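# Here is my input; please provide its structure:
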Amino acid sequence: MAQATRMFRSSMYVTSLTILGSILGLTVQVLVARSFGIGSVVDAYFFSLSWPLLFAGITSSALSFTLIPKIAALALDDKANIGEYIWSRCFGLIIAIVFFSPIAFLLTWTQLNSLESNSALKNATDLDLLCLLAWISAGFLVIKNYLVAVLHGLKFHVLAATLSLFPYISMTLGLALLPATRLGIVMPLVAMIGGMVLAIVSGSIILFVRYGFFHSWTASIKSAVELLVDLPKAGLALSCFSTYSIVDAYIAPLFGAGSLTTISLIQRFIIGVGNLAISGISSVVIHIFIGQIHELNYTGFTRSVWIYTVGIFFGSLAMFSPLYFVSFEAVLGFFNIEMNDGLDVERLQSYVVTMIPGACAMLTSVVLMRVLFCFERGRVIGILIGLLWTGLYSLIAMTNLGLGLDSLTSAYTQSWLIVASILLVTVSLVARKEMANKLVSETQKLPNKA
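Numbers count the residues shown, from 1 in each chain. Next up is the predicted model:
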């Protein structure tokens, strides 16, 4: 009971800090627009961030899903040298980033040369510098998120969430206090890098004081190779949480102008709110499952999986439930907002409520996928499940094109309900197999008393 209380308290703290980070992120966007206006200057800023943030986001998610359970398991092993593992993987990650950097700049060069010669964006001031700083910030972001994942794995959840706020705080202060600086539009990126460096230094000092510093280049190079092999696999497994945008970009335009914007806004709203709610729980409760795996407690593990699956699904359903009853038209009227382009508010509400069960299943799948990643075999199976979701979403939507945008909203819900069910069964089967194998292995190591 005491452990559950601590877990709940930690998850609430992490969720609160994550929400604060989202608010600060929105504040940064507002301050950028206020300081530099809406035009080619700000377009260049967002253009420079497109590829770097995409790769940094995918890599960071893969690190989080793979690293947290590994660190948590090592923390339960008295013989494990956590300090050596942390620093070897950290330097291995840095080697992997340096190895990837030429490819990164090639992507940006290709993107820049794809622009029309008379494009205002291509002729924007400081575009080359912005692209350089964007990739540098992406590298620091990955390292910062590595340390954050390590801290989550060591149960320093509040500290990890606090370090994630540093870049937002630095950017907010920079834009609020120095809007007219000579750095111009590159200043937000400089502030972001400064905040991430501060977070990296702070996290490194804490880990150094607690676990010491053990490092060898042989172990780091080996770790770099493992990362370059394992992270793409994790990225494929986690693709189910992002490929909806690619499918939407292909199908939604078939339904007329504004359709892609409509479905994108709905999905960003529902997924964004849901991810904020699940952020604390998904990183904290993994320790419960790791402990039960370490103890080979399959009965307790299965019970916990069902409790959290049911709890997260119906908890998120309760969170979204007001959308079933509140009239969008009344809300828009209250704020004196008019819908343009003849968009039917009732249809918009219908799209939203159709996606809610799918969003609840998606949030449940986030935790189930984290649990699946606790097992080596589970990571391979996760790739198949990630690709399966994309295939299901595309197939269901394409076979119901006559429904218009309803084909996408219903496909989203159907595919996530199917995949969440598959994940639930898969986690139980993989856990049974791996725990049974581990039990046999440990039994064989016991001295023969005969």
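# Find the least confident helix or strand in the chain, judged by mean pLDDT.
Least confident element among the helices and strands of the chain, by mean pLDDT, DSSP states H and E: helix 328-334 (a mean of 55).
# and the helix or strand following it, which residues are buried?
Note on helix 328-334: by DSSP states H and E, the next helix or strand toward the C-terminus is helix 345-372. If you call a residue buried by 16 or more other Cβ atoms under 10 Å, then helix 345-372 has these buried ones: 348-349, 351-372. In this view, the C-beta of every residue, glycine as well, is placed from N, C-alpha and C.
# now swap in stretch 99-117 and tell me
Those would be 100, 104, 107-108, 112, for stretch 99-117 by 16+ other Cβ under 10 Å.
# Then stretch 216-236?
219-220, 223-224, 227, 231, 233-236.
# which ones among those are found in helices?
Judged by DSSP state H, helices contain the following of these: 219-220, 223-224, 227, 231, 233-236.
# where's the residue nearest the centre of the chain relative to residue 54, distance?
Nearest to the geometric centre of the chain sits residue 61, at 4.6 Å (Cα atoms, centre = their mean). Distance of residue 61 to residue 54, given as Cβ to Cβ, to the nearest Å: 11 Å.
# just residue 355 next, same as before
Taking Cβ to Cβ, one finds residue 355 at 24 Å from residue 54.
# Same question for residue 212.
36 Å.
# now residue 106
For residue 106, the distance to residue 54 - Cβ to Cβ - is 15 Å.
# Same question for residue 225.
From residue 225 to residue 54 the distance is 24 Å (Cβ to Cβ).
# Kindly report the same for residue 362.
20 Å.
# now do residue 196
17 Å.
# The two - which one has more neighbours?
Per other Cβ atoms under 10 Å, whichever of residue 196 and residue 54 has more neighbours is residue 196, with 25 against 13.
# Identify the residues contacting that one.
137, 140-141, 143-144, 166-167 (Cβ atoms under 8 Å, 6 or more residues apart in numbering).
# got it, and residue 396?
So residue 396 contacts 407, 410-411, 414-415 (Cβ under 8 Å, 6+ apart).
# For PyMOL, write the selection for the buried entries among these.
Remark: buried members of the contacts of residue 396, expressed as a PyMOL selection using 16+ other Cβ under 10 Å:
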select buried, resi 407+410+411+414+415
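# Would you convert the contacts of residue 396 into JSON lines that also reports distance to residue 79 and pLDDT?
Converted to JSON lines, the contacts of residue 396 look like this (distance: Cβ to Cβ, whole Å; pLDDT from 0 to 100):
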{"residue": "407", "distance to residue 79": "55", "pLDDT": "88"}
{"residue": "410", "distance to residue 79": "52", "pLDDT": "92"}
{"residue": "411", "distance to residue 79": "49", "pLDDT": "92"}
{"residue": "414", "distance to residue 79": "47", "pLDDT": "95"}
{"residue": "415", "distance to residue 79": "43", "pLDDT": "95"}
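# nearest to residue 441, of the contacts of residue 396?
Closest approach to residue 441 among the contacts of residue 396 (Cβ to Cβ): residue 415, at 37.5 Å.
# Now the phi/psi pair for the closest one, please.
Backbone torsions for residue 415, taken as degrees, to the nearest 10, come to phi -70, psi -40.
# Who are the contact partners of it?
By Cβ under 8 Å, 6+ apart, the neighbours of residue 415 are 358, 389, 392-393, 396.
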